[in-house]
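Trainee: requesting a structural model of the entry that follows:
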Amino acid sequence: QVQLVESGGGLVQAGGSLRLSCAASIRTFSGYDLGWFRQAPGKEREFVAAFPWSGFRTFYADSVKGRFTISRDFTKNTVYLQMSSLKPEDTAVYYCVADRLTTVPTKASSYDYWGQGTQVTVSS
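Mentor: I've put the predicted structure just below:
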């Protein structure tokens, strides 16, 4: 069983930055695809970013491309989401996800392991 614990959410003004962290209770990230999803009030959960185990490329939603960066630290079993140039429409609960060798890393259904979520609120 994999447990994921997010941190780093909060309130920030538009144009500001936040870094989300997600610590995993597994011995190693080896073989795991990692990602972030978000859900705004009244909206469906949506893909934000993914970092497949292979590491050859990362995936981003068009809405965050160029502003968000996903990264991972194997020594700490932690995945990060650096968010810059934040907009009010980025306001949502952000969820960290993980699973072994997903077929479609941009789909929520590809992941069995989810964190509890961390709230990000961007004020205008």
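Trainee: quick one: pLDDT of Tyr113?
Mentor: At Tyr113, the pLDDT value in this model is 95.
Trainee: before we move on, what SS does the residue most central in space within the chain have?
Mentor: Against the mean C-alpha coordinate of the chain, by Cα atoms, centre = their mean, the closest residue is Trp36 at 2.2 Å. For Trp36, the reduced secondary structure class is strand; criterion used: DSSP: H, G, I helix; E, B strand; the rest coil.
Trainee: what's the pLDDT at it?
Mentor: At Trp36 the predicted local confidence, pLDDT, stands at 98.
Trainee: quick one: contacts for it?
Mentor: Applying Cβ atoms under 8 Å, 6 or more residues apart in numbering to Trp36 gives the contacts Leu20, Cys22, Val48, Ala49, Ala50, Ile70, Val79, Leu81, Tyr94, Tyr95, Cys96, Val97. To be clear about C-beta, it is placed using only N, CA and C from the backbone, and glycine gets the same treatment.
Trainee: mind running it again at 10 Å?
Mentor: The neighbours of Trp36, taking Cβ atoms under 10 Å, 6 or more residues apart in numbering as the test, are 6, 20, 22, 47-51, 60-61, 64, 68, 70, 79-81, 83, 94-97, 115.
Trainee: thank you, goodbye.
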